[in-house]
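>>> The sequence and its predicted three-dimensional model are supplied below.
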Amino acid sequence: MGIIKKIWIVLLFLGTVVFGGLSQEIVHNVSVVNISVPVRVYDGNRFVDSLKLEDFEVYEDGKLLPVQAVYYIQKNDVKRGEAPARSKAAAESPMNGSTIIK
């Protein structure tokens, strides 16, 4: 095998090792639309079912998040729901979600 052929093989091998080690990191960005936070509130042994939207605060990593809706659900039925008024465009958007607190 000629010297030039040996040099090309070595260079090809080194290029594969060096540049193959520079792999790219894959990053995925995800948007969360709805987060359901089930809550049960008791005053002693009595279940409290009269709470309103302004009675709740949700924090993530110490940052206050907006609570967009509160629903009182009994078994599988929504007994009462409360959400702030939204614009017509926001109400019609299929990607616009609500935080559900039970």
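The structure has been received and is ready for your questions.

>>> Check what pLDDT Tyr42 gets.
Tyr42 is assigned 91 on the pLDDT scale.

>>> That one: what's it in contact with?
By CB atoms under 8 Å, 6 or more residues apart in numbering, the contact set of Tyr42 is Val48. Yep, even glycine has a C-beta here, placed from its N, CA and C like the rest.

>>> okay, Asn96: pLDDT?
42.

>>> Repeat that for Gln24.
At Gln24, the model reports a pLDDT of 67.

>>> and if you look at Arg46?
92.

>>> before we move on, what about the one 5 residues further on?
Taken from the predicted model, the pLDDT recorded for Leu51 is 87.

>>> residues near the closest residue to it other than its chain neighbours, how many?
The shortest distance from Leu51 to any non-neighbouring residue, by CB to CB, 6 or more residues apart in numbering, is to Val41 (6.2 Å). Look at Val41: counted by other CB atoms under 10 Å, it has 13 neighbours.

>>> same thing with Leu11?
Residues near Leu11, counting by other CB under 10 Å: 10.

>>> in a strand, that's where it is, yeah?
No. Leu11: not assigned to a strand; according to DSSP: H, G, I helix; E, B strand; the rest coil it is helix.

>>> Local confidence estimate at Gly20?
58.

>>> related to what we said a few turns ago, quick check: the residue nearest to Leu51 vs Ser31, distance?
For Val41, the distance to Ser31 (CB to CB, to the nearest Å) stands at 30 Å.

>>> just Gly44 next, same as before
41 Å.

>>> And for Pro38?
Here Pro38 is placed at a distance of 22 Å from Ser31 (CB to CB).
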